[in-house]
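Asker: Quick one, fold the following:
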Amino acid sequence: MLPTLIYRSRASRTFDLSLLDALVAQSQARNMTLQLTGILIFDGSHFLQVLEGEPEAVNQLYDAICHDPRHDGVVELMRDYAAKRRFINMGMALFDLRYDKPGAVLRAVIKTGALRYNLASDDRVYKFIRTLCGRSLEKTTGLQQRT
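Answerer: Numbers count the residues shown, from 1 in each chain. Reported below is the predicted structural model:
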């Protein structure tokens, strides 16, 4: 079984958001070396990341994340095991809700991941992603997401 970890954090006030793409590029290279896969979603202030990989690699990276000054308020939302990776061949894909529409992000997560449309609504990882996307939609439009 493959560990899956989801955490949420807030970008620190000192983090230069213009460096986000460089952070993702570094993380992609590191994650490929560690055989970690997953996605990072950013809504302008909060990160949600899904990590998948061998237990030691996931734990090592999460420990580093918890001590990284570029973000604070790190909260582990879920730690679980899956029979296979959801995000195959993705060292870390960034979905930036400042520029990407929430619905497009949700569709891309399903399309690029190993989830089937008919199974996504029952998948706990997808539910966390959908919740963050729904909050982003509420912030930008003032409309509440239907559940």
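Asker: Sticking with the most centrally placed residue in the chain, tell me its helix or strand.
Answerer: Using CA atoms, centre = their mean, the residue of the chain that lies closest to the mean C-alpha position is residue 49, 2.6 Å off. In the assignment (DSSP states H and E), residue 49 maps to strand 46-52.
Asker: Tell me the helices and strands packed up against that strand.
Answerer: Judged by 3 or more CB pairs under 8 Å, 6 or more residues apart in numbering; DSSP states H and E, the packing partners of strand 46-52 are strand 2-11, strand 37-42, helix 55-66, strand 71-82, helix 124-141. Any C-beta I mention is one placed from the backbone N, CA and C, and that applies to glycine too.
Asker: By mean pLDDT, which helix or strand of this structure comes out lowest?
Answerer: Ranking every helix and strand in the chain by mean pLDDT, DSSP states H and E puts helix 117-120 at the bottom, with a mean of 51.
Asker: what comes into contact with the strand holding residue 49?
Answerer: 2-11, 36-41, 58, 61-62, 65, 71, 77, 82, 85-87, 92, 125, 128-129, 132 (CB atoms under 8 Å, 6 or more residues apart in numbering).
Asker: for stretch 33-42, same thing?
Answerer: 11, 20, 24, 27, 30-31, 47-54, 57-58, 60-61, 85-98, 105, 109, 113, 129, 132-133.
Asker: Which members of the residues you listed are classed as buried?
Answerer: 11, 20, 24, 27, 31, 47-53, 57-58, 61, 85-87, 90-97, 105, 109, 113, 129, 132-133 (16 or more other CB atoms under 10 Å).
Asker: Now a PyMOL select for only the buried ones of the contacts of strand 46-52.
Answerer: Of those, the buried ones go into a single PyMOL selection, burial set by 16+ other CB under 10 Å:
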select buried, resi 2+3+4+5+6+7+8+9+11+36+37+38+39+40+41+58+61+62+65+71+77+85+86+87+92+125+128+129+132
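Asker: Run a quick neighbour tally on residue 23.
Answerer: 18 (other CB atoms under 10 Å).
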